[in-house]
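>>> Quick one, what's the 3D model for this:
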Amino acid sequence: MSINKTYAVFGLGRYGRAVAEELVNSGAEVIAVDKDQNNVNNAIETIPVCKCADITEPEAIKKLGISTVDVVIIAMASNLESSVLAVTLCKEAGVKTVIVKCSNEMHQKILSRVGADKVIIPEKESGIRLARQLLTAGFSEMIELSNEVSMVELNVRDEWVGKNLIELSLRKKYSINVVAIKHGDSISTAVDPALPLEKGMELIVIANKLKLKKLK
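Reported below is the predicted structural model:
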């Protein structure tokens, strides 16, 4: 997601609040909404724009100015009816991207049919992510760019320490492209192939999934 876009988060439970706070911390413009005033009061310190409103009401959507928001995240998985109404009202208001959290695959199908652009089952996605991490030992994170290509954070191995990318010849050996180097909280996209690698560094690479198996 881009910080240049505007976001609305409906539902300030643990999941919705975490999403809203992360967006705010990244510098994005966010409006957070919950119909429970206590949830709003608890979140106001970390999310500057918090409103108490029932987002299943057309008038509330209008007053909140949701029609001007680029992305709406609906985080009310326990209430399918409210999620369906919220998706419908957001789409009617002209919101381009509506992302919804839900609790099971049946709800996922229903929400997709009423217009949600993306439906997330957090528990399922967390399980899939864990399984992939177990199957790709040595990778701290993997993002699928397509069915064939992934972006991976690859830990610098002990035998690589002190050597540079030219010496390691990773592109030739494994057909991977190093696009950035991460060291602590610092990430550099200006990759110097002559820079000796240090212990604790991570290489952010793009590679074919089949080729990645060679690195395991």
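
>>> per-residue confidence at the residue of the chain positioned farthest from its centre?
No residue in the chain sits farther from the centre than E167, which is 34.7 Å out by CA atoms, centre = their mean. pLDDT for E167: 92.

>>> Tell me the buried residues in the helix or strand where it lies?
Here E167 sits within helix 165-168, counting by DSSP states H and E. For helix 165-168, the neighbour count (16 or more other CB atoms under 10 Å) marks L165, L168 as buried. Every residue, glycine included, has its C-beta placed from N, CA and C.

>>> give me the low-pLDDT residue ranges for this structure?
For the chain, the stretches flagged by pLDDT under 70 are 1-3, 123-147, 213-216.

>>> and stretch 196-215, how far out from the chain's middle?
Once both centres are worked out by CA atoms, centre = their mean, to the nearest Å, stretch 196-215 turns out to sit 21 Å from its chain's centre.

>>> Same check on stretch 66-76?
Taking CA atoms, centre = their mean, one finds stretch 66-76 lying 15 Å from the centre of the chain it belongs to.

>>> Stretch 16-26 now?
11 Å.

>>> same deal with stretch 47-54?
With CA atoms, centre = their mean, you get 22 Å for stretch 47-54.

>>> Assign a three-state SS to S103, would you?
At S103 the chain is in coil, as set by DSSP: H, G, I helix; E, B strand; the rest coil.

>>> shift numbering so it begins at 13
With 13 as the first residue, the last one maps to S115.

>>> Surely it is in contact with I133?
Yes: S115 is in contact with I133 according to CB atoms under 8 Å; the separation is 7.0 Å.

>>> Please state the offset of the helix holding E179 from the chain centre?
32 Å.

>>> That one: what's the following helix or strand?
Using DSSP H and E, the helix or strand that follows helix 177-180 towards the C-terminus is helix 182-186.

>>> What residues sit buried inside that next one?
For helix 182-186, a neighbour-count test (16+ other CB under 10 Å) marks L182, Y186 as buried.

>>> Could you give me the buried positions within the very next helix or strand once past it?
As assigned by DSSP H and E, the chain's next helix or strand after helix 182-186 is strand 188-195. For strand 188-195, burial by neighbour count (16+ other CB under 10 Å) applies to I188, V190, I193, K194.

>>> and which of those residues is nearest to V21?
Using CB to CB, K194 is the member of those that lies nearest V21, at 28.2 Å.

>>> now the closest one, nearest residue through space, not along the chain?
E214 (4.2 Å; CB to CB, 6 or more residues apart in numbering).

>>> circling back to that earlier point, if we only consider the buried residues of strand 188-195, which is nearest to P70?
For the buried residues of strand 188-195, the closest approach to P70 (CB to CB) belongs to K194, at 46.0 Å.

>>> Just read off the phi/psi values of I111.
For I111, the backbone dihedrals (degrees, to the nearest 10) come out as phi -110, psi 130.

>>> what about it, how many neighbours?
20 (other CB atoms under 10 Å).

>>> How about G77?
Using other CB under 10 Å, G77 is surrounded by 12 other residues.

>>> Now do the helices in the chain.
26-37, 49-55, 70-76, 92-104, 117-125, 134-147, 177-180, 182-186, 221-224 (DSSP state H).

>>> if we can go back for a sec, what distance do you get for the residue farthest from the centre of the chain to E104?
Taking CB to CB, to the nearest Å as the measure, E179 falls 59 Å from E104.
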